[in-house]
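Chemist: Using only what follows, build the 3D model:
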Amino acid sequence: IVINNFGSVHTFGSSAHGLLGQSRGGSGGAGGDAAGIISDPSGGASGGSAGTVTLNNEDGGFIYTAGSDAHGIVAQSVGGTGGAAGSGAGLVVLGDGGGSGRAGGSVTTRNRSGGVIVTEGARGFGLLAQSVGGGGGSAGLTAGLVAIGGSGGSGGTGRSARAENFRLISTSGDGAHAAVAQSIGGGGGTGSTTAGVLSLGGSGSRGGNAGTASVSNNGTIDTAGDDAHGVLVQSIGGGGGNAGFAGGALSIGGSGGTGGTASTASFINRGLVETSGDRALGVLAQSIGGGGGNGSGAFGLNSIGGPGSNAGAGGTVNITQGGAILTEGQLAHGVVAQSIGGGGGNGSASAFLGVAVGRQGGSGGNSGTVNIDFESFDRTIDGVDETLLPLIQTSGDLSLGVIAQSVGGGGGKGGTAVKVNDGDYGAV
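Modeler: Predicted structure coming up:
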């Protein structure tokens, strides 16, 4: 999808965007159910991948929106979700997996050197670029004398998301960020819940990795509302899927899915970013790993819970500050740059009539490097050469100039083993 605007676009209703370009992958079909002595339900189908989306407000283009939740430009590419697997019942049931989510495509939005974007409603963003992976399908229920659960489908990958401003983006509503770029991995699917004399819970699947997210500003970005950031750039890994519950004389819980890894989030400023509202940050740049999925609980004469899974790592955050960033409100920091590892999944609880074993939680994800570089740059205006020095200035109370954080994710809790009645065995 490519849209180039050279004219004037005005909208006045809620959620009435100026330009909207979307590519969506189709959802995968659900698997069929099965019943019989030996039951083998079919798995869900994978979703379809989404395509690239490019939206440009060209020289002479003017976009104005006045309603709430009405963005100037929205460019989205969203991968298709995986289909759910079928359920099964019988003496022996072999569960199948959910379908995989597919990748979103690369997304680019630009406001050219002769373009102007103005929004006046609450939560009306100027530029919004999103690439989102599709979520994995869930596995179906299995019940039988022997029940083996299927795994959830894996989440799809988010691709690159990029927003560029060369002239003017102005917003005046609360929560109305000026330039937003997000790449988000799809969440992993949930594993099967199982019931039987021998019951093996299905595992959750991994979350999708996120792609790079970037914003560059060579013009003017201005917001007037509370909680309205000048720039928001995020790369966020998908969360791992939770495992399915298991119940039976001998029950073993499934493991959670691994969280997706985040990629690089970057912002380059050689222009002006200005906010005047409370809690309206100049720049918020984040790379956040996906959380690990929780292990499944188990209940039975003898039961072993499923382990939580490991979280995804946060990626690198790069800020190149060569222009001016000005904020006026309270708690309106100039630059907040964060790399955050995902939290590990919790191990499952196990309840028993004979022996019960709880399982460990997953490890938290590592965080990445945060780089903030200040640089001067030269430019020529009307034949006059000048060197511009970088500036970050905050005027409100409790408003810091720069916050840089690299924070590893916390590990998941271990599972609890519970003794239901007196017996010769115990809980671990």
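Chemist: contacts and neighbour counts: CA atoms only from here.
Modeler: Noted.
Chemist: for residue 282, phi and psi?
Modeler: Main-chain torsions, residue 282, degrees, to the nearest 10: phi -70, psi -50.
Chemist: Would you confirm that it contacts residue 272?
Modeler: No. Counting by CA atoms under 8 Å, residue 272 is not a contact partner of residue 282; they are 9.9 Å apart.
Chemist: Which one's more surrounded, those two?
Modeler: residue 282 (35 against 20; other CA atoms under 10 Å).
Chemist: The more buried one and residue 326, how far apart?
Modeler: Distance, residue 282 to residue 326, using CA to CA, to the nearest Å: 7 Å.
Chemist: next one: residue 406
Modeler: According to CA to CA, residue 406 and residue 326 sit 24 Å apart.
Chemist: and those two? which has more neighbours close in?
Modeler: residue 326 (24 against 21).
Chemist: ok so, going back, what's the overlap in contacts for residue 282 and residue 326?
Modeler: Shared contacts of residue 282 and residue 326 (CA atoms under 8 Å, 6 or more residues apart in numbering): 273, 274, 275, 334.
Chemist: which among those gets closest to residue 68?
Modeler: When the shared contacts of residue 282 and residue 326 are ranked by distance to residue 68 (CA to CA), residue 275 comes first, at 19.0 Å.
Chemist: What's opposite that closest one in the beta bridge?
Modeler: Judged by DSSP bridges, the bridge partners of residue 275 are residue 223, residue 327.
Chemist: Run a quick neighbour tally on it.
Modeler: Look at residue 275: counted by other CA under 10 Å, it has 34 neighbours.
Chemist: ok, now the one 3 residues further on?
Modeler: Burial measure for residue 278: 23 neighbouring residues, criterion other CA under 10 Å.
Chemist: Look up the pLDDT of it for me, please.
Modeler: Residue 278 is assigned 98 on the pLDDT scale.
Chemist: Report whether the expected contact of it with residue 394 is present.
Modeler: No. In this structure, residue 278 is not within contact of residue 394 by CA under 8 Å, at 11.3 Å.
Chemist: what touches both of those two?
Modeler: Jointly contacting residue 278 and residue 394 under the rule CA under 8 Å, 6+ apart are 328, 332.
Chemist: picking up where we left off before, between the shared contacts of residue 282 and residue 326, which is nearest residue 209?
Modeler: Using CA to CA, residue 334 comes nearest to residue 209 of these, at 28.8 Å.
Chemist: Name the secondary structure element that contains residue 164.
Modeler: Element membership for residue 164 (DSSP states H and E) is strand 161-165.
Chemist: what's the helix or strand following that strand in contact with?
Modeler: Going down the chain from strand 161-165, the next helix or strand is strand 168-171, by DSSP H and E. The set of residues external to strand 168-171 that reach it, using CA under 8 Å, 6+ apart, is 111, 115-121, 124-126, 177-179, 219-225.
Chemist: Quick check: can you name the pairing partners of strand 168-171 and their directions?
Modeler: Going by DSSP bridges, the partners of strand 168-171 are strand 116-119 (parallel), strand 220-223 (parallel).
Chemist: would you turn these into TSV with distance to residue 88, mean pLDDT and mean neighbour count?
Modeler: As requested, the strands paired with strand 168-171 are exported to TSV (distance: least, CA to CA, whole Å; pLDDT from 0 to 100; neighbours: other CA atoms under 10 Å):
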stretch	distance to residue 88	mean pLDDT	mean neighbour count
strand 116-119	52	98	28
strand 220-223	55	98	27
